[in-house]
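*Asks:* Sequence plus the predicted model coming up.
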Amino acid sequence: MLYQDKQEVTGLKKIQITATALGLTLLVGSVPPAMAATGSTQTSKASTSKAASTPVIHTINNLPSVKLTSKSYIRLTDINTLSQDDSNLITYTLTVTNGDTKSLNLLDYWTKVKTVSGTVYNPTLITADKEKKTVAPGSSVTLTYSVKVAKHIKPTSLIFDIVKWDFSQANYERKLGQFKIPEGYLLSTPAAYSKTLRINEAPVKLKVNNATSFLSGSYNYVGVDLNVQNIGYRLFEDPKLKFVIKTASGSNYPLTADASSTGYSIQPQDSQTLKLMASIPKSVSLKNLELQVIQDDETAKTSLPIATMQLAAVKNETIAVQPNAEKTIDLTNGKLAASVTGAWVNQSYGKSDLSIQFLLRNSGVQTVSVPKYGFELHTSNGYTLPITTSALDNVTLAPQESRSIKLNITVDSSVITDGLQLFVNAPGAAQQTPSDSTGTGTGAGTSSAASFNYPVGIFQLPEAVQLQNTLGTEQFMQTNNGLVGLTLSSIQRLPWSDGDLVSAKITIANHANKTITLPDLTGQFKVDSAQLANDVKLVSTSASGLLGADQSTNVYVVSKLPASLDVSQLQVALMEKIGESSSEWFRFTHLGEMPSLPEVDKGKSYKLDNQGRQEEIKEVRSVVYTGDSNDIMYTELEVKNLEKYQLDLSQLVGYFETSSGQSYQAQAVQVDTPAPSLQSGLVVLWTKLPKGIYTQDMKLVVGEGIADNKLTPLKGESTGYINAAEMALNVQTPGTNSTLSGMVINPYALSITDVAATLTGSSSVQVGLTYSLTRSNAYIMGEFGHKYVLEMKDSLGRIFTKELTPETDLKTGSGNTLSFSNSDSVYEGLKGGNFTLTVYDEFQGARIPLASQGFYYIYNGDTSAR
């Protein structure tokens, strides 16, 4: 319903435009119409020369009233036009004043609308006014009508007839008068002036406090601050009005209210400013804009314009918040401080993965629920791109508590230009376009950005940090718990049993002044823009998700690759689990070939530098065991615990590589008990090699074993490895001692001091040994796996062997004795001769000679060796 009381702005008697001042001088009449007319006349007489040079603009209040009786009259007090696709919807308000001493029956009067050419239109009384039947003596009543006219028809083309029933007339009606609006009359409320009207029978005063525009991409974002003052005596509650910007060409652009401008209530004599915004294509002129207030008639299923207010020339303002600066967002029960704290971009084959760090802080004094804001990326070349996230689902913030979220979007690289902006939009449905009189149409010229939501904040993005080839360079990111640094410390492509492994080491550093909890993370790989679909593991070297102040930890993203696949670009991402889904936490991109593995020169050590798990690996010895059909490459590694506490040493995984690129997976003999501080363990890596493989330039790729997203536990089976290095091996060709002393198989050393082989004339020979066996405690070891093998070879080439296992067949200590016999028919009747006793180190069926010495057989009790 439309209402304009006698103090409204249409009570203006004149609006004078002074050309020299390029401004409007408005003479506002707050007096009854008769007095206003008198005043207008006096002003004209008082300054004849000035009136001659100053154009005078009249309002509809200058129209004469139509008398109903000698003391009662009717006036045209308001008119509004809503442009639609194929027509115009006009509402007009008639104010009936009863100056008589008895009630005035409104059923005796009605109104007709026709054009000056005679086309007749049928007006309809709005639903809210249909129950108004009489006017009490000394009072006024407003009646608002709506009429749908042709698109080209303007209010100045219409005649509004006032008719009374008269049964003495041929057609039972008598025309009392008419209203015809002359060309040039001002039909809307001038800028800077208020508009008084009744909304749901409650008197309110509307005034536009400010109108601004902000260009972003292909749209001007026009903001209007509309002050609503309750001038009645009852609480005024949000009537769910609609608002549109009407351009000079008649196009309508719906305005959207921010969260604080809906569901409001205003106490008597109080006011509230509604914040409204519309997006208008930048090709549309912003001159002579008007604000239209629209109310739905639910019964008639139509939208009615109830006020039209001119906007002053909109001011172009930069409202985008600069990086790291805070924007205050008002909530119904508090405030949020919002800021953009960082932006990163990874480029890949014409696509760019843009990440934006967005921070929300509760700057109020009570806990608030964070609205589920919508996010859009706006580019300087006109693109508007939605960003989806579930990071704001069910989020509450205590006073001064912060929540940092990562907003990720993949776009064409051509979109990533200077001047990117993040729009943070109020949640809820988009604005609604006023319907036509049938309830099915839309306003003519409605903006194509029909899904526009009110932006509670517009943020200028900082220049996005390029994350291509930033290996070893720390990047900083603000999280919920504080500032963290992220470094892509290494990328490794490692040999594996059924292909290759790719492992990316990411170091996370806590730069906050308190211990923080890391989020629940997973890993992701993209190879040449194709996401790896097979199992991707995220391995953490830390037993907990806590990270102390100024400390760092390493996580590893690991997956398998086909050995034949050439990789020109690798992206590695940490994904944060949020409910049932995950969102990108941080991403790195590496272009070109994979980096080479760290190289460890012969005799040098390799440090595993994980927080809380520092170890040092060094080659002890490398030898080749000779077998019948193949050889065994064998390496002993010292693994030292560098921490100040007991540690489960890493379970090592290795591959032997030749200079020609052939690789052989190593079997491992691990340390299976914890190592005290600064204690070393001895780990054996070995593999079978075909005969003829050149081993003097052999290298060992060795790293820490992993299983089930963690380091392989003691006695566990590794499903991959990380943190690898390429060790140049000092492959030795051990010499053979000429005496049976100092025969070392780590951790044992065997010396045989006396050998007696006695012939008795029978088919056997009795062998007796005196020996000493010592065990070194320098290393913690796992399963031994070696044997000492004694080989007796006589002058005729016959060979007899005896296998001896330390601490089973051989006892530790000195002066120990051992006896055994060899049986063969060759010994029958033999009374002398010599033999050679050779001691071997046997491992997995292959041997290395340790020492060899010749002896004579003893006959008939002669016990001395010759």
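*Replies:* Received the coordinates, thanks. Just so we're clear, the structure is a prediction, and the values are computed from it rather than from any experiment.
*Asks:* going forward, measure contacts and count neighbours with C-alpha atoms only.
*Replies:* Fine.
*Asks:* quick one: low-confidence ranges for the stretch 1-150 of the chain?
*Replies:* 1-57 (pLDDT under 70).
*Asks:* and E638, what is it in contact with?
*Replies:* 616-620, 680-683, 779 (CA atoms under 8 Å, 6 or more residues apart in numbering).
*Asks:* And it, how close does it get to I780?
*Replies:* Separation of E638 from I780 (CA to CA, to the nearest Å) stands at 9 Å.
*Asks:* Also D520?
*Replies:* Taken as CA to CA, the span from D520 to I780 is 36 Å.
*Asks:* More neighbours: which of these two?
*Replies:* Taking neighbours as other CA atoms under 10 Å, D520 and I780 compare with I780 leading, 22 against 12.
*Asks:* Restricted to strands, list the contacts of E638.
*Replies:* Within these, residues falling in strands by DSSP state E are 616-620, 680-683, 779.
*Asks:* Let me know how buried the residue nearest to T517 when sequence neighbours are not counted is, in neighbour terms.
*Replies:* In space, T517 comes closest to L546 once its chain neighbours are excluded; the distance is 4.7 Å by CA to CA, 6 or more residues apart in numbering. The number of residues packed around L546, counting by other CA under 10 Å, is 14.
*Asks:* Contacts only, for L546.
*Replies:* Taking CA under 8 Å, 6+ apart, one finds 515-518 in contact with L546.
*Asks:* By neighbours, which of those wins?
*Replies:* Ranking the contacts of L546 using other CA under 10 Å puts I516 first, with 20 neighbours.
*Asks:* Measure how buried the closest residue in space to it that isn't next to it in sequence is and give me the count.
*Replies:* Distances taken as CA to CA, 6+ apart put L547 closest to I516, at 5.3 Å, once the chain neighbours are dropped. Using other CA under 10 Å, the number of residues around L547 comes to 20.
*Asks:* Then T410?
*Replies:* Residues near T410, counting by other CA under 10 Å, number 15.
*Asks:* Look up how far S216 lies from the residue nearest to T517.
*Replies:* Per CA to CA, L546 is found 43 Å from S216.
*Asks:* re earlier: you'd agree the residue nearest to I516 is up against T553?
*Replies:* Yes: at 7.4 Å, L547 and T553 qualify as touching, with contact defined as CA atoms under 8 Å.
*Asks:* Lowest average confidence across helices and strands of the chain, where is it?
*Replies:* Least confident helix or strand of the chain, by mean pLDDT, DSSP states H and E, is strand 23-27 with a mean of 27.
*Asks:* nearest to D708, of the ones in strands among the contacts of E638?
*Replies:* Distance to D708 across the ones in strands among the contacts of E638 (CA to CA) is lowest for V683, with 22.3 Å.
*Asks:* show me what contacts the closest one?
*Replies:* Counted by CA under 8 Å, 6+ apart, V683 has contacts 636-639, 652, 668-671, 781-782.
*Asks:* that older thread, now for the residue nearest to I516: which residues touch it?
*Replies:* 510, 515-518, 553.
*Asks:* Do you know the pLDDT at G482?
*Replies:* The model reports G482 with a pLDDT of 85.
*Asks:* Name the nearest residue to it, ignoring sequence neighbours.
*Replies:* Computed as CA to CA, 6+ apart, the closest residue to G482 that is not its neighbour in sequence is A512, at 5.3 Å.
*Asks:* next one: E783
*Replies:* V669 (6.5 Å).
*Asks:* So in terms of bridging, what pairs with the one you found?
*Replies:* Taking DSSP bridges as the rule, V669 bridges to V684.
*Asks:* how far does stretch 503-512 sit from the chain's center?
*Replies:* Distance of stretch 503-512 from the chain centroid (CA atoms, centre = their mean, to the nearest Å) equals 19 Å.
*Asks:* Now it: buried residues?
*Replies:* Buried positions in stretch 503-512, judged by neighbour count with 16 or more other CA atoms under 10 Å: 503-512.
*Asks:* Which of the residues you listed fall in strands?
*Replies:* If you go by DSSP E, the buried residues of stretch 503-512 have 503-510 in strands.
*Asks:* From T522, how far out is the residue nearest to I516?
*Replies:* 17 Å.
*Asks:* Ok, I306 next?
*Replies:* Distance, I306 to T522, by CA to CA: 57 Å.
*Asks:* more neighbours, these two?
*Replies:* I306 (28 against 22).
*Asks:* Quick check: phi and psi at that one.
*Replies:* Backbone torsions for I306, taken as degrees, to the nearest 10, come to phi -120, psi -10.
*Asks:* right, and K537 touches K560 too?
*Replies:* No: counting by CA under 8 Å, K537 stays clear of K560, with 9.7 Å between them.
*Asks:* got CSV for the contacts of E638, with pLDDT too?
*Replies:* Putting those into CSV (pLDDT from 0 to 100) gives the following:
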residue, pLDDT
E616, 98
I617, 98
K618, 98
E619, 97
V620, 96
S680, 96
G681, 96
L682, 96
V683, 97
Y779, 94
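*Asks:* By neighbours, which of the residues you listed wins?
*Replies:* V683 (27 neighbours).
*Asks:* Can you pull the domain assignment for this structure?
*Replies:* Residue ranges for each domain of the chain read 1-186, 195-316, 327-460, 482-591, 599-732, 743-859, as given by automatic domain parsing.
*Asks:* With distance to Q468 added, can I get those in TSV?
*Replies:* Listed next are the domains of the chain as TSV, based on distance: least, CA to CA, whole Å:
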stretch	distance to Q468
domain 1-186	51
domain 195-316	27
domain 327-460	6
domain 482-591	5
domain 599-732	22
domain 743-859	44
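*Asks:* The ones you listed: which one's closest to N469?
*Replies:* domain 482-591 (4.8 Å).
*Asks:* can you give me how far that closest one is from the chain middle?
*Replies:* Offset of domain 482-591 from its chain centre (CA atoms, centre = their mean): 16 Å.
*Asks:* Let's see the distance spanning it from one end to the other.
*Replies:* Domain 482-591 end-to-end distance (CA to CA) = 30 Å.
*Asks:* how about the strands of the stretch 551-700 of the chain, start to end?
*Replies:* Here the stretch 551-700 of the chain has its strands, by DSSP state E, counting those that start in this stretch, at 552-561, 569-578, 581-591, 599-600, 605-610, 613-626, 630-641, 652-657, 663-665, 667-669, 680-690, 699-707.
*Asks:* and of those strands, who's closest to Q421?
*Replies:* Nearest of the strands of the stretch 551-700 of the chain to Q421, taken as CA to CA: strand 581-591 at 20.0 Å.
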